[in-house]
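Enquirer: give me the fold of what follows.
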Amino acid sequence: MALDDAFWPALWKLAMATGTRPELLLCVWFAESDLEPTAENSAGCIGLNQTCPKPNGPGFPSTPAAYKGSPASAQVAWIARQVESAVKLNGGPFQSAARYWQANWMPATLSTAKAPDAVIAGKDGPYAWAYRDNAGLDADKDGRITLQDLGDRLELLVLSRGAPLTRAIRLAYANRPAAAPWSEPELVIHEPAPATPSGAPPSAGPIASGGIGGGGAALLTILFALALAVAHGGRA
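Expert: Residues are numbered from 1 along each chain as shown. Modelled structure (predicted):
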């Protein structure tokens, strides 16, 4: 995890400009690159959020080599344009890491795949090519990648090897600006279920008290809270 000192102000500037908690951004970037600015995949996607070359991605502000060699803070300045555009497509700030991961991966689906069980990409369509290249995101192996799948994958990632992410979130809040609207982290993994006709979320919806819900979410909430406490020297 190579994050320069200027990264934290850049992260908070983006978070506050888009109304999206910094821990949601960090969670997705951790899933994409382990928070390593020099990360590059076989398709030539580079950096914290694995920005991809054109025509399948936004490309780079300079050359791929220069972007790969730029510090995390400089990459955030480029990523910010993508996040700001995605927030508009989303109709407002991102409320879950799963939804932001969808935006980072397949922004064109934000207007069509909104519910937890909505299909983002499928083996037989839509976006069969995206499914083929990212079949590992199909958590339940049913031939479809949904918002629920993305949440499940992020949950597994945090539980299995989330220590660097915990450290990054701790450092983010240690560098929190005074004007920031959030004083404590709340890592919401799963996208909330749509409201019922009465306006209240379903009783079995994926968001639970404490911000992380669905399946093993209570355990995840506890483990994440403990990890933060340990990171703060044992203080809650």
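Enquirer: pLDDT weak spots in the protein?
Expert: 194-236 (pLDDT under 70).
Enquirer: can you give me the helices for it?
Expert: 7-18, 22-33, 64-69, 72-90, 97-105, 128-133, 147-161, 163-174, 217-231 (DSSP state H).
Enquirer: what sits against the residue nearest the centre of the chain?
Expert: Closest residue to the average C-alpha location of the chain: Val28 at 2.7 Å, with Cα atoms, centre = their mean. If a contact means Cβ atoms under 8 Å, 6 or more residues apart in numbering, then Val28 has Asn49, Ala97, Tyr100, Trp101, Asn104, Leu154 as its contacts. Where C-beta positions appear, they are placed from N, C-alpha and C, glycine not excepted.
Enquirer: likewise for Ala128?
Expert: Neighbour list for Ala128: Ala121, Gly122 [criterion: Cβ under 8 Å, 6+ apart].
Enquirer: do the same with Arg144
Expert: Arg144 is in contact with Val119, Ala121, Gly122, Lys123, Tyr131, Asp138, counting by Cβ under 8 Å, 6+ apart.
Enquirer: go on, Val87?
Expert: Thr18, Gly19, Thr20, Pro93, Phe94.
Enquirer: what about Ala121, distance to Lys68?
Expert: Distance of Ala121 to Lys68, given as Cβ to Cβ, to the nearest Å: 27 Å.
Enquirer: filter the contacts of Arg144 to the buried ones?
Expert: The neighbour count (16 or more other Cβ atoms under 10 Å) marks Val119, Ala121, Gly122, Tyr131, Asp138 as buried among the contacts of Arg144.
Enquirer: and Asn41, how many neighbours?
Expert: A count of neighbours around Asn41, defined by other Cβ atoms under 10 Å, yields 12.
Enquirer: repeat for Ala174
Expert: Counted with other Cβ under 10 Å, Ala174 comes out at 10.
Enquirer: how about Ser70, phi and psi?
Expert: phi -80, psi 150 (degrees, to the nearest 10).
Enquirer: hang on, it packs against Leu48?
Expert: No. Judged on Cβ atoms under 8 Å, Ser70 makes no contact with Leu48 at a distance of 10.3 Å.
Enquirer: neighbour count winner among the two?
Expert: Leu48 (26 against 21).
Enquirer: which residues touch the nearest residue to Pro37 once chain neighbours are set aside?
Expert: Excluding its sequence neighbours, the residue lying closest to Pro37 (Cβ to Cβ, 6 or more residues apart in numbering) is Ala72, at 4.6 Å. If you count contacts by Cβ under 8 Å, 6+ apart, Ala72 has them with Ala2, Leu3, Asp4, Phe7, Ala10, Leu35, Pro37, Leu48.
Enquirer: which among these count as buried?
Expert: Among the contacts of Ala72, those buried by neighbour count (16+ other Cβ under 10 Å) are Leu3, Phe7, Ala10, Leu35, Pro37, Leu48.
Enquirer: so which of those residues comes closest to Val158?
Expert: Leu35 (13.2 Å; Cβ to Cβ).
Enquirer: so Asn104 touches Ala86, yeah?
Expert: Yes. Asn104 is in contact with Ala86 according to Cβ under 8 Å; the separation is 7.5 Å.
Enquirer: picking up where we left off before, who wins on neighbours among the contacts of Val87?
Expert: Phe94 (26 neighbours).
Enquirer: list the contacts for that one?
Expert: So Phe94 contacts Thr18, Thr20, Leu24, Ala86, Val87, Tyr100, Ala103 (Cβ under 8 Å, 6+ apart).
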